[in-house]
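Could you look at this predicted model? Sequence included:
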Amino acid sequence: MKLSLDSSLTAEIVKAIAEFNLIDACDKIAVGVSGGKDSSFLLYCLKILQLHFKIDFSLKAVYVDPGFGDSQAEDNLSTLTKELGVDFKVIRTKIKDYIQKDSNPCSKCAHFRKGAIIEYLNKINYNKLAFGHHLDDAVETFLLSIFYSGQLQALKANRYLSENKINIIRPLIYLRETQIENEIEKKNFKIAKSSCPYDDASARSKVRQDFKGFFEDEQLFANLISAMRKKDNFELWPQKMDYNILKKKMKNYWK
């Protein structure tokens, strides 16, 4: 396989790596791959960087089989990793059985899959787990946090899990989904359609559909990205007052 990447995409990926300190010398990085476009593209990009960076780092692909019988995804990943010369690990699980009756199967599945990978990485002494989340994912997560939890939380490009001593990194965080799709099409990557029966029923899918216009309008999308940044010019309500103090204050207004 001939490895090449458009300079504009390389610049955005390296910008994220530099700004958020995603890769250090002697890092052992595992890419959590699913067979989808984002994680496959991330693995491809990191292999290119591994060949050309002054910083030496190890690279591995890890696939968690949730038990849906998705052999196509595994076959495609096996082919891709062989062409890239990257070690490929498959972790067999029974996640499908655990989430069937859950009210939020997508969130629970993601939690279990991440846990399975982290447990494996601790055994082999790998210190970083890379996910293929992109800029659209980051904005979706921001909107999800507002509408589903009432909080202002952004998807971190670099998050340290102190209990597991693992950094979760997201090198594609500055790329739009359309950019990744275009590159995947150009390079004829084999991408398997998800076999998960809950794929279109998640809260993320709903946000994606409900706010589709925001993602297509460049100015609106840019404003959402800006809102995720820490800044001095924000105006929010104060923290909620203690109920007993508030109640006493309210009573004092009456004659």
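Everything's here; your move.

Isn't Leu46 up against Val31?
Yes: if you go by Cβ atoms under 8 Å, Leu46 and Val31 touch, sitting 6.4 Å apart. Every residue, glycine included, has its C-beta placed from N, CA and C.

list the residues that contact both of these two?
Counting by Cβ atoms under 8 Å, 6 or more residues apart in numbering, the contacts common to Leu46 and Val31 are 59, 130.

What count of nearby residues applies to Leu161?
Leu161: 12 surrounding residues under other Cβ atoms under 10 Å.

Also Cys106?
17.

Would you map the strands across the stretch 1-150 of the chain?
Along the stretch 1-150 of the chain, counting by DSSP state E, counting those that start in this stretch, strands occupy 27-33, 57-65, 87-92, 128-130.

Return the list of helices and strands in contact with the shortest one.
Looking back up the chat, that one is strand 128-130. With contacts taken as 3 or more Cβ pairs under 8 Å, 6 or more residues apart in numbering; DSSP states H and E, strand 128-130 sits against strand 27-33, helix 105-124, strand 166-169.

pLDDT wise, what is Asn122 at?
If you check Asn122, the pLDDT there is 96.

Quick check: closest non-adjacent residue to it.
Asn164 (6.3 Å; Cβ to Cβ, 6 or more residues apart in numbering).

Give me the distance between the one you found and Ala18.
Look at Asn164 and Ala18: by Cβ to Cβ, to the nearest Å, they are 25 Å apart.

now Ser78
Remark: distance between Ser78 and Ala18 (Cβ to Cβ) = 33 Å.

Give me the more crowded residue out of the two.
A direct count of neighbours by other Cβ under 10 Å for Ser78 and Ala18 places Ser78 higher, at 14 against 10.

What count of nearby residues applies to the residue lying closest to the more buried one once chain neighbours are set aside?
Taking Cβ to Cβ, 6+ apart as the measure, Ser78 lies nearest to Phe88, with 6.1 Å between them; neighbours along the chain are not counted. By the measure other Cβ under 10 Å, the count of residues near Phe88 is 18.

same check, this time on Ile168
Neighbours of Ile168 (other Cβ under 10 Å): 20.

For it, give the beta-bridge partners.
Residues in a beta bridge with Ile168, per DSSP bridges, are Leu129, Arg159.

how much space between the residue nearest to Asn122 and Ala138?
From Asn164 across to Ala138, the span is 23 Å (Cβ to Cβ).

Quick check on the two: which one has the bigger neighbour count.
When neighbours are counted by other Cβ under 10 Å, Asn164 and Ala138 differ, and Ala138 comes out ahead with 20 against 16.

Surely that one touches Leu155?
Yes: using Cβ under 8 Å, Ala138 is in contact with Leu155, at 4.4 Å.

Tell me the residues that contact both of those two, please.
Both Ala138 and Leu155 are contacted by Ile173, under the criterion Cβ under 8 Å, 6+ apart.

re the thing from before, weakest of the helices and strands packed on strand 128-130 by average pLDDT?
When I compare those, helix 105-124 is least confident, with a mean of 88.

isn't the residue nearest to Asn122 right up against Gly115?
No: with contacts counted by Cβ under 8 Å, Asn164 stays clear of Gly115, the gap being 9.1 Å.

List the contacts of the residue nearest to Ser78.
For Phe88, the contacting residues are 60-63, 77-78, 81-82, by Cβ under 8 Å, 6+ apart.

Then Lys193?
Contacts of Lys193 (Cβ under 8 Å, 6+ apart): Gln72.
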